[in-house]
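Participant: Provided below are the primary sequence and the corresponding predicted coordinates.
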Amino acid sequence: MHKVFISYHHQNDQRYKEYLVNFGWRHSIFIDESIDTGGISDDLSDERIREKIRDEYLRDSTVTIVLVGTETKRRKHVDWEIYSSMYDGHVNKKSGVLVLTLPTVLDSNSFTAAHEGEKGVVYPDVGTSVWTSVNTRLEYERRYPSLPDRLIDNLLKPEAKISVAPWNRIENDARKLQFLVDAAFENRIRCEYDLSRPMRRANS
């Protein structure tokens, strides 16, 4: 089983995190390695914050799952966790990233498939005419108004290999969740993430 870190807004989305952890464990898909990063001071430098999260909180995980709810994009700790997951450190290497949009957000039915074979496994009911290429920030922001800016930065970079899947695709389907986690894991080393955006220093 893969070791997974789940990044989410604790106050709003705890029940989804708990469901995912139990579902993943029950079907032998992943082990939850999440630790609350809320105790890290934002008085530290960006580099020190990244080092602490990458080396202390994420060190045993190889895939980060981001649960996107109504407040996720505004939370500094989520941004720190995404950044640190993408950072390729000397000791702890970058993780694969998978995004799950929750039923609470307007963009909960939009999806992006970044991995080979994903369309056939996760979206077998979606016709080929539905799939379109997106290459502008404006269009990604229209499709995904709830996604953190750093995720959109990386959706614009095909080499980042980030899939965005609606919660209802995996909620009761272990095969689809298994595929998405496996694909994020297998492609993590080849991912070329965009880390140019400064780390968020405050919630909004």
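Facilitator: On my side now, so go ahead.
Participant: Helix or strand with the lowest mean pLDDT in the chain?
Facilitator: Using mean pLDDT, DSSP states H and E, helix 46-52 stands out as the lowest-scoring helix or strand of the chain, at a mean of 85.
Participant: Return the set of buried residues in stretch 76-88.
Facilitator: Within stretch 76-88, the residues scored as buried using 16 or more other C-beta atoms under 10 Å are 76, 77, 78, 79, 80, 81, 82, 83, 84, 85, 86, 87. Every residue, glycine included, has its C-beta placed from N, CA and C.
Participant: nope, stretch 164-181 is what I was after
Facilitator: 164, 165, 166, 167, 169, 170, 176, 177, 178, 179, 180, 181.
Participant: What is the nearest of those to residue 35?
Facilitator: Nearest to residue 35 among the buried residues of stretch 164-181, counting by C-beta to C-beta, is residue 181 at 18.8 Å.
Participant: Run through the strands of the protein in chain order.
Facilitator: Here the chain has its strands, by DSSP state E, at 2-7, 30-32, 63-68, 96-101, 163-166.
Participant: hey, which of the ones you listed is tucked in deepest?
Facilitator: Mean neighbours per residue, mean count of other C-beta atoms under 10 Å, is largest over the strands of the chain for strand 96-101, with a mean of 27.
Participant: Could you check the angle that strand makes with strand 63-68?
Facilitator: 20 degrees (axes from the mean of the first three to the mean of the last three C-alpha atoms, to 10 degrees).
Participant: CSV for the buried residues of stretch 164-181, including pLDDT and distance to residue 199?
Facilitator: Converted to CSV, these look like this (pLDDT from 0 to 100; distance: C-beta to C-beta, whole Å):
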residue, pLDDT, distance to residue 199
164, 98, 22
165, 98, 26
166, 98, 28
167, 98, 27
169, 97, 30
170, 98, 29
176, 98, 32
177, 98, 29
178, 98, 32
179, 98, 31
180, 98, 26
181, 98, 26
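Participant: Which two of the residues you listed have the greatest separation?
Facilitator: The span of the buried residues of stretch 164-181, defined through C-beta to C-beta, is set by 164 and 178 at 17.4 Å.
Participant: Make sure residue 73 is actually in contact with residue 144.
Facilitator: No. If you go by C-beta atoms under 8 Å, residue 73 and residue 144 don't touch, sitting 9.3 Å apart.
Participant: ok, residue 192 to residue 19 distance?
Facilitator: The gap separating residue 192 from residue 19 is 32 Å, by C-beta to C-beta, to the nearest Å.
Participant: my bad, residue 132
Facilitator: Taking C-beta to C-beta, one finds residue 132 at 31 Å from residue 19.
Participant: the more surrounded of the two?
Facilitator: More crowded of residue 132 and residue 19, by other C-beta atoms under 10 Å: residue 19, with 12 against 6.
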